Each structure stands twice: as structure tokens, then as C-alpha cells.
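1. coords please:
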Amino acid sequence: MASLSVCMIVKNEEQWLPKSLESIKNLADEIIIVDTGSTDKTKEIAKTYNAKIFDFKWDDDYADARNFSISKATSDWILWLDADETVSKKDHNYFKQIMKEEKFPIVVLEQRHYTNDKKNPQFKPVDDRYKKEAMGFEGYYPTLITRMFKNNMGLKFEGKVHETIDKSMQKLGLKFLRTDIPIHHYQNFKSDTMTKEKKEKYEKLLKEKENYDPSDLKNLHDLAVTHLQKNDLKKSFSYFRKIYDLDEGLLEPYLGMGIIWAKRGDYKRAIKFFLTAISKDTKKSIELTSPVETIRETILFNLAMCFLRTGEKPKAMQIFKDMIRLGSRFTPQIQDKLKELGISSN
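-> Numbers count the residues shown, from 1 in each chain. Just a heads-up that it's a prediction; the model follows:
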């Protein structure tokens, strides 16, 4: 039977590490813990789970630490996690089946970021299967991410922050299996201070990356999104514009700039950006795990919302009804909006 190494990089995670390790102790054949300078009981906790613990001098580069962690793995497969993440025991057999079949060398999982923020356009209500894992949260928003892969294939992480193996995977010409197996992420349980410090640290590393590699599309996109989340629309727009100047074929800059115009109240200009994006025939996206179809779906939802703002209700209704018919992930938000407008979704 194929073996699995679970690899983690940690620092001062005594609060969350036990729950994370408990969730994978019967799945992992080997647990690799790379500690970047803990001063609490993180290492002591890891020892109780028979983890192999290695020290790593932090160098402001998450990819370096990740690559060090996977270099210590000796199993057939690698699954990488953060200390504030868990895997449901209900899904252990799915992991084992994927490793046994070996149809794909890389597996994309669904990272579920738990939240009660129903205004998030990606908000999904918690399903009955994972009520326990939701820990009281009403819902989550999902992101797809490459989390499991075969060992000894030459895969490397890239990115000082928001590190992935995507570029490495592309260079090696490897295919991946996209699944809906969830990784449960509990970032929103952490204090506002910790969250703020983490975001500031990420932004600093992204800026450093931009200084020596100003044409890295993923890094520019991460910066654009970071400033958009801070509501710094001017800076965010400038980064989306840089992406557009580097590759006009991508949809992400049209989506980002359209959202910014909508936030500024210029819905007609936002609509122009969204319509231009929809008309483009492209299969490219900045992140391999974010398919173009998903980006188009987000554009359509925002386009419909802008049509409502400009009084073009029939156009918005047509988009909404088509999205519901096709089983869009935005269906709950669309149904809420239709209910607000007093319109049946049938």
C-alpha cells in the first residue's frame, strides 16, 4: 500500500497543532514538522505524535521552508498542511484510494475557509457531512489548491508567500486530479491582531518579490487582491493594469478592474470590462487550479449585479436564471438576491 508523509511548517502553533495532527495521525505514515522558531510548546506537542522535527532558520521565504520540509519526506506521497487546518477522518479512505490507483501524480483539494460572512460572493452554507468540522461556522468560501503529490518527482514550491507547486508542475508537464475533498481551514478563529500581522507580513514579502521579479503574474495578482481587500482601490487597480499590460489574454485583470469600477459606483464602466472579458476566447488563467470557467462564472455574477444597478433588470434576470439552471456555485447568493427583489427563482 502506498505510504503518505504529511509535511508542515510551524511557529508557535500550540493552540492549533493538536487538532491538526489528531486529524491525520491515522492517515499519515510519517509526519514531518519543520519549526521556524517556536517559543511555545509546539515542538513538545509534535513529539507526542511521533513527528520527525526539524529546525529551519526563517529567511522570509515560505517556498524555501516548504521545500525543506518535503526534502525530509520518505513516503510515496506527500500531503502538505498548515497547523490551523484539518482533514476529516471521513475522507481518509478517499486519500488512500487516490494513492492506490495512482491515476494522477498531483491532487487538487478544496480548501474551506470557514466564515459567517454571507456577503462574500463565494459563501457556501455548511453541508451536513461536515457540520462537526465547521465548528459552529455557518458557511465557508472555497479555494482550489494543489496539496498532495507523489514524492521524488522534482516538484518544488515557488513564491515567497502564497507558495505553490503550480509552476513546477507546469514545467514538468504533469497532470493533476481535481477533487472536492476538503481541507478545513480555521484562520477566522484567530485573533484580529494575529490576522492583521499575518496579512502585513504577506504584503511585505509580496512587495519584496515584486522588486526582483516585477513580471511574476501570480505575485502581481496576489498584490492586486491584497489591496482590493484593504479597499485601496487605486493600488489594486494599478496591479490589475500591470497584469493586463503583461498579458491581455487573461481574464483576471478585467474581473479585478471591473469590480473596482463597480466599487467606485461607475457601473457602466464596470459592465464594459465584464462584457469585454466574456467575449474573450481564452483558456489561460494565472493559477492552474483556478479554471477559466470559474473566473467567467464570477464575471457573469458581477455583470448581473451591475445590470441591476443600472436599471437593466431583464438582462440581470436572464443571467441569474441561466446560472441557476447550470448549477452555478453562486446559486445561494442569486436566490437571496431574487428573494430580496420579490422574484421567484423557479
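2. for the chain, what's the longest strand?
-> Among the elements of the chain assigned as strand by DSSP state E, the one spanning the most residues is strand 139-150.
3. who touches the helix or strand following it?
-> As assigned by DSSP states H and E, the chain's next helix or strand after strand 139-150 is helix 166-172. For helix 166-172, contacts defined as C-beta atoms under 8 Å, 6 or more residues apart in numbering pick out 106, 146, 149, 153-158, 176, 218, 287-289. (C-beta placed from N, C-alpha, C; glycine too.)
4. go with 7 Å
-> I106, T146, M153, G154, L155, K156, E158, F176, E287, L288, T289 (C-beta atoms under 7 Å, 6 or more residues apart in numbering).
5. for that helix, the distance to its chain's centre please.
-> 18 Å (C-alpha atoms, centre = their mean, to the nearest Å).
6. Please give the number of neighbouring residues around the residue lying closest to V126 once chain neighbours are set aside.
-> Spatial nearest neighbour of V126, excluding adjacent residues (C-beta to C-beta, 6 or more residues apart in numbering): A134 at 4.3 Å. The number of residues packed near A134 is 17, by other C-beta atoms under 10 Å.
7. Surely A134 and Y114 touch.
-> Yes. In this structure A134 lies within contact range of Y114 using C-beta atoms under 7 Å: 5.9 Å.
8. Could you pull up the residues touching T146?
-> T146 neighbours (C-beta under 7 Å, 6+ apart): I106, V108, T164, I165, D166, M169, F176, T289.
9. Actually, I299.
-> I299 makes contact with L251, L255, F274, A277, I278 under the criterion C-beta under 7 Å, 6+ apart.
10. Which of the helices or strands spans the second one?
-> With elements delineated by DSSP H and E, L255 resides in helix 252-263, which encompasses its position.
11. Give me the contacts around the helix or strand containing K132.
-> Using DSSP H and E, K132 maps to helix 131-134. Here helix 131-134 makes contact (C-beta under 7 Å, 6+ apart) with T86, S88, Y114, V126, H184.
12. Give me the three-state assignment for K118.
-> coil (DSSP: H, G, I helix; E, B strand; the rest coil).
13. How many residues are close by it?
-> 12.
14. got the contact list for it?
-> If you count contacts by C-beta under 7 Å, 6+ apart, then K118 has G139 around it.
15. what's the burial count for K103?
-> Neighbour tally, K103, other C-beta under 10 Å: 9.
16. try I24
-> 21.
17. For Y239, see how far away it is.
-> Here the criterion is C-beta to C-beta, to the nearest Å. By it, I24 lies 36 Å from Y239.
18. quick revisit: can you list the strands that the longest strand of the chain pairs with?
-> Take DSSP bridges as the rule and strand 139-150 pairs in its sheet with strand 77-81 (antiparallel), strand 106-115 (antiparallel), strand 124-125 (antiparallel).
19. Point to the helix or strand of the chain where mean pLDDT is at its lowest.
-> Every helix and strand of the chain was ranked by mean pLDDT, DSSP states H and E. The lowest is helix 192-212, at a mean of 83.
20. Now that helix - C-alpha only, PDB.
-> Output in PDB follows, covering the C-alpha atoms of helix 192-212 (Å, rounded to 0.1, in the frame of the first residue of the first chain):
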ATOM      1  CA  ASP A 192      -7.700  40.100  14.800                       C
ATOM      2  CA  THR A 193      -4.200  41.000  15.800                       C
ATOM      3  CA  MET A 194      -2.700  37.700  14.600                       C
ATOM      4  CA  THR A 195      -4.700  38.000  11.300                       C
ATOM      5  CA  LYS A 196      -3.500  41.600  10.800                       C
ATOM      6  CA  GLU A 197       0.100  40.700  11.500                       C
ATOM      7  CA  LYS A 198      -0.100  37.800   9.000                       C
ATOM      8  CA  LYS A 199      -1.500  40.000   6.300                       C
ATOM      9  CA  GLU A 200       1.100  42.700   6.800                       C
ATOM     10  CA  LYS A 201       3.800  40.000   6.700                       C
ATOM     11  CA  TYR A 202       2.400  38.600   3.500                       C
ATOM     12  CA  GLU A 203       2.200  42.000   1.800                       C
ATOM     13  CA  LYS A 204       5.800  42.800   2.800                       C
ATOM     14  CA  LEU A 205       7.000  39.500   1.200                       C
ATOM     15  CA  LEU A 206       4.900  40.100  -1.900                       C
ATOM     16  CA  LYS A 207       6.500  43.500  -2.400                       C
ATOM     17  CA  GLU A 208      10.000  42.100  -2.000                       C
ATOM     18  CA  LYS A 209       9.100  39.500  -4.700                       C
ATOM     19  CA  GLU A 210       7.900  42.300  -7.000                       C
ATOM     20  CA  ASN A 211      11.200  44.200  -6.600                       C
ATOM     21  CA  TYR A 212      13.300  41.400  -8.100                       C
END
